[in-house]
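*Asks:* I would like the atomic coordinates for the input below:
(chains A and B)
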Amino acid sequence: MAHRWTNDLTRADVTPKSAYLNRRQILAGAAGLGAIGLAGRASANTLEPNTLEEIASYNNFYEFGTGKTDPAQNAHKLVTSPWSIKVDGMVDNPGEYSLGDLLDGLTVEERIYRFRCVEAWSMVIPWNGIELANILNKVGVQSGARYVAFETVVQPENMIGVQRRVLDFPYVEGLRLDEAMHPLTIMATGIYDEPIYNQNGAPIRLVVPWKYGFKSIKSIVRITLQEDEPPTSWNKANAREYGFYSNVNPNVDHPRWSQATERRIGGGLFAPRIDTLMFNGYPEVASLYEGQDLTVDI
Amino acid sequence: MTPSQAINGVLRKVPAWTIYIVCAAWTGWLFYLALTGGLGVEPINALEREYGELGLKLLVLGLLVTPLRKWTGVNLLKFRRAIGVSAFFVILAHFTVWAVLDVQTWERVWTEIVKRPYVTVGMVGFVLMIPLALTSNNLSVRKLGAATWRKLHKLTYPVAVLGAVHYLWLARGFQWEPIIYLLIILGLIATRYVSFDWKRQPA
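*Replies:* Residues are numbered from 1 along each chain as shown, chains lettered A, B, ... in the order given. I've put the predicted structure just below:
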């Protein structure tokens, strides 16, 4: 297995709840003074987590509408209990697992990750989750499996975006097995030590911090191990704009906009743009792509 | 008295500058909301969208004046200049928010304009509005002559189409809203060239 990812962040790096609930007011005041230009080259290395309000009110979850606040408004309709996940394909122990059974005995860790959307905005999110590798080892990956495919739940009567056919639902995503087994890759079940909100992908979602956000598929009901590269939703919708890998890469622009910079959510009306980091600031994953031309394998 | 005559009677009492006041107040209110968290946690993009959509709505309203009068008799003609000039200023605000607050450096602004087709399309639309805004006064009508002036102001049609295409082009996935704008605009332009006066068609 790849080298262990070492966490140099502690609980102390997470803003205490009283502070993260208040930070917005302070920022709103400071932003007025900060203005443009002055802040200039802020760093994307900063890992101050966004507030829970920010994380829970600005989302892309097209099953619940295309507006950024639509998921927060509409996702309460998502039924998350009971929840079962079908594990199939090239695994030793296939089956329909209840969420509790699938995660039973596995450790939930806190991971403070940068989250970079393909639309050039970003957040820092204190996830609670389980390494995907631990889940995959539990179900037993058979030799010959090279990819993992994921599928989001479809509840048409509860999902306005599914009724409007914004994308070809169910939403599907996939990872190469080595990406899935990388210790940075987690399945998140919480944020700020609270159960993950519906609009953030309750009850369980993928988090791959070095890839654009849409790879981190939400509300997962199926995990399939397979030999071939699985289709992925945005790639099906527009292959020119969204590749299978979709690693965060400041040097490869989206055909319609630049990926060189991003805007951290929470900076208010005068938030400066910050430089986007290669692999979203997780260079330890570079070895996964040795020998690949990342301007071609987008 | 027909309903349209009643409406026209009320409209006669409303001065055209009301449009400027309403649009300026609305634009300022949106800015205030963005500043104080009323537009959500990412106010830059939200404000940009609000201004863009408001501009597009004003362009649609401007295009609606003539067909509305033809079909219903409701006469908004005296407001049309104010609607058009307001559209220009709202779209100027849209451009300013995009350039100053969103993209933030002139180098990047220029790169975006030349490199991103949807930005180019929007920018061309905006530039085409400049001569229209500059000639939206009685002196210009006299100087240019009514015929030339009217010809020049047909630029409104490509401006509105470019605005709607700009909106459609930046949508991700299949979205109805920009498509509906484009269809309405194309429909309103079509009324100028295609006769919808089916009642007068010989049987």
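
*Asks:* how close does residue A:245 sit to residue A:105?
*Replies:* For residue A:245, the distance to residue A:105 equals 32 Å [Cβ to Cβ, to the nearest Å]. Any C-beta I mention is one placed from the backbone N, CA and C, and that applies to glycine too.

*Asks:* who has more neighbours out of these two?
*Replies:* Taking other Cβ atoms under 10 Å in any protein chain shown, residue A:245 and residue A:105 do not tie; residue A:245 has more neighbours (22 against 7).

*Asks:* what backbone torsions are found at that one?
*Replies:* phi -80, psi -50 (degrees, to the nearest 10).

*Asks:* now it: closest residue in space, sequence neighbours ignored.
*Replies:* Leaving aside its chain neighbours, residue A:245 sits nearest to residue A:297 (5.2 Å; criterion: Cβ to Cβ, 6 or more residues apart in numbering or on different chains).

*Asks:* look up how far residue A:250 lies from that neighbour.
*Replies:* Using Cβ to Cβ, one gets 16 Å for the distance from residue A:297 to residue A:250.

*Asks:* more crowded one of the two?
*Replies:* In this view residue A:297 and residue A:250 are compared by other Cβ under 10 Å, and residue A:250 has more residues nearby, 18 against 13.

*Asks:* correct me, but the more buried one touches residue A:275?
*Replies:* Yes: the criterion here is Cβ atoms under 8 Å, and residue A:250 meets it with residue A:275 at 6.8 Å.

*Asks:* what residues are shared contacts of these two?
*Replies:* Common neighbours of residue A:250 and residue A:275 (criterion: Cβ atoms under 8 Å, 6 or more residues apart in numbering or on different chains): A:260, A:261.

*Asks:* got the contact list for stretch A:219-229?
*Replies:* By Cβ under 8 Å, 6+ apart, stretch A:219-229 touches A:78, A:80, A:83-91, A:135-136, A:139, A:141-142, A:144-153, A:174, A:176-177, A:187, A:198, A:201-206, A:230, A:244.

*Asks:* are any of the residues you listed buried, and if so which?
*Replies:* Among the contacts of stretch A:219-229, those buried by neighbour count (16 or more other Cβ atoms under 10 Å in any protein chain shown) are A:78, A:80, A:83, A:85, A:87, A:89-91, A:135-136, A:139, A:141, A:145, A:147-153, A:174, A:176-177, A:187, A:198, A:201-206, A:230, A:244.

*Asks:* mind checking which of those are in helices?
*Replies:* A:135, A:136, A:139, A:177 (DSSP state H).

*Asks:* circling back: how about the secondary structure of the residue nearest to residue A:245?
*Replies:* State at residue A:297, reduced to three classes by DSSP: H, G, I helix; E, B strand; the rest coil: coil.

*Asks:* I figured it hits residue A:252, correct?
*Replies:* No: applying Cβ under 8 Å as the test, residue A:297 and residue A:252 come out as separate, 10.0 Å apart.

*Asks:* which residues are common contacts for the two?
*Replies:* Counting by Cβ under 8 Å, 6+ apart, residue A:297 and residue A:252 have no common neighbour.

*Asks:* who in chain B is up against chain A?
*Replies:* By Cβ under 8 Å from any Cβ of the partner chain, the residues of chain B that approach chain A are B:34-37, B:40-47, B:100-104, B:108, B:111-112, B:116-118, B:169-176.

*Asks:* quick one on the thing from earlier: what about chain B: which of the buried ones among the contacts of stretch A:219-229 touch it?
*Replies:* Checked against chain B using Cβ under 8 Å from any Cβ, the buried ones among the contacts of stretch A:219-229 give no members in range.

*Asks:* restricted to strands, list those.
*Replies:* Using DSSP state E, the subset of the buried ones among the contacts of stretch A:219-229 located in strands is A:85, A:87, A:89, A:147-152, A:174, A:176, A:187, A:205-206.
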